[in-house]
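# task: produce atomic coordinates for the following.
(one chain, ligands or ions: 2)
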Amino acid sequence: MAPSIRSDERDPDEGAPPAVTRQDYRNAMARLGAAVTIVTTDGPGGRHGFTASAVCSVTDSPPTLLVCLNRGSSASAAIHANGVLCVNTLGGGHEHLSNLFGGRTPPAERFAAGEWKVSATGAPMLLDAVAAFDCRIVRSVEVGTHDVLFCEVVGLAQGGAREGLIYFSRRYHAVVGEPDA
Ligand SMILES: NC(=O)c1ccc[n+]([C@@H]2O[C@H](COP(=O)([O-])OP(=O)(O)OC[C@H]3O[C@@H](n4cnc5c(N)ncnc54)[C@H](O)[C@@H]3O)[C@@H](O)[C@H]2O)c1
Ligand SMILES: Cc1cc2c(cc1C)N(C[C@H](O)[C@H](O)[C@H](O)COP(=O)(O)O)c1[nH]c(=O)[nH]c(=O)c1N2
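Numbers count the residues shown, from 1 in each chain. Ligands and ions are numbered 1, 2, ... in the order given. All right, here's what the predicted structure looks like:
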């Protein structure tokens, strides 16, 4: 069980070097494989998008997922202003899109690649995504450098791609799924 520290109690480790460094943490996280997605948004805050692997399911009632967004990302202001986003799950052959949306390129250049339609929330949906989750942001919680966005899924699209895209050990891996899964 994690130790609990009351607010009126001093942490005896205060000032001590962290038990786990950022680099050690990243090295270990690099061993935790994750699906690669592009999170997009549009609305009064403008069109934007970024590559995200920190995405997971929270609950199916109501259908809710979470996205961890670095507040330093150039997409952050637009996502908060619009209050909507679409999680586009990438497939094998989408590495170039992941690199484009994960790099320091202007939004218009990012969307020049790939084929997009406008989803019901207004967020761009990738036509050949393995699966796309159209969402409204219902809650945002600040944790360290990131905002954890809780998103209610209000629309879905499932593509026919047979290969998913996993980021593991700092490299992309295409994984083959069942034809009808
Ligand atoms: N959650 C994230 O914000 C996240 C996740 C993956 C990659 N990235 C970014 O992509 C680039 C390349 O990453 P990489 O995997 O090749 O090597 P890396 O050594 O930078 O990261 C290894 C792993 O650590 C985690 N991580 C990295 N940066 C993080 C951050 N700022 N906050 C929380 N977790 C983080 C991720 O799980 C990542 O796969 C880096 O600039 C990294 O910051 C960010
Ligand atoms: C494979 C992979 C996975 C992730 C990322 C990158 C890559 C390559 N990035 C970083 C994010 O995409 C990147 O910071 C921005 O798109 C580029 O930053 P600017 O838009 O230029 O600020 C990222 N950022 C984030 O806030 N949450 C995340 O889950 C991830 N995951």
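
# how about the residues of the chain by ligand 2?
36, 50-54, 68-70, 73-75, 98, 101-102, 104, 167 (CB under 6 Å from any ligand atom). C-beta here means a position set from N, CA and C on the backbone, and glycine is covered the same way.

# can you narrow these to ones near ligand 1?
Among the residues of the chain next to ligand 2, ligand 1 is touched by Ser53, Ala54, Cys68, Asn70, Gly102 when using CB under 6 Å from any ligand atom.

# so which of those residues belong to strands?
Judged by DSSP state E, strands contain the following of these: Cys68, Asn70.

# look up the closest residue to the residue most central in space within the chain, ignoring the ones flanking it.
For the chain, Ala52 is the residue whose C-alpha lies nearest the centre (CA atoms, centre = their mean; 3.3 Å). What sits nearest to Ala52 in space, not counting adjacent residues and going by CB to CB, 6 or more residues apart in numbering, is Val39, at 4.7 Å.

# do a quick rundown of the strands in the protein.
Assigned by DSSP E, the strands in the chain fall at 34-35, 37-41, 48-52, 55-60, 63-70, 84-89, 116-118, 124-126, 131-143, 146-158, 163-168, 171-176.

# any chance of TSV for those strands, columns mean pLDDT?
Converted to TSV, the strands of the chain look like this (pLDDT from 0 to 100):
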stretch	mean pLDDT
strand 34-35	98
strand 37-41	98
strand 48-52	98
strand 55-60	98
strand 63-70	98
strand 84-89	98
strand 116-118	98
strand 124-126	98
strand 131-143	98
strand 146-158	98
strand 163-168	97
strand 171-176	97
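
# deepest of these, which one?
For the strands of the chain, average neighbour numbers computed from mean count of other CB atoms under 10 Å are highest in strand 37-41, which has a mean of 28.

# for it, what is the distance to the chain centroid?
Centroid displacement of strand 37-41 relative to its chain, using CA atoms, centre = their mean, to the nearest Å, is 7 Å.

# with only the CA atoms kept, save that strand in PDB.
What follows is strand 37-41, C-alpha atoms only, in PDB (Å, rounded to 0.1, in the frame of the first residue of the first chain):
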ATOM      1  CA  THR A  37      -2.900   7.500 -31.900                       C
ATOM      2  CA  ILE A  38      -3.300  11.000 -33.400                       C
ATOM      3  CA  VAL A  39      -5.500  13.200 -31.200                       C
ATOM      4  CA  THR A  40      -7.200  15.900 -33.200                       C
ATOM      5  CA  THR A  41      -9.400  18.900 -32.400                       C
END
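
# next, the buried residues of stretch 94-104.
His94, Leu97, Ser98, Leu100, Phe101, Gly102 (16 or more other CB atoms under 10 Å).
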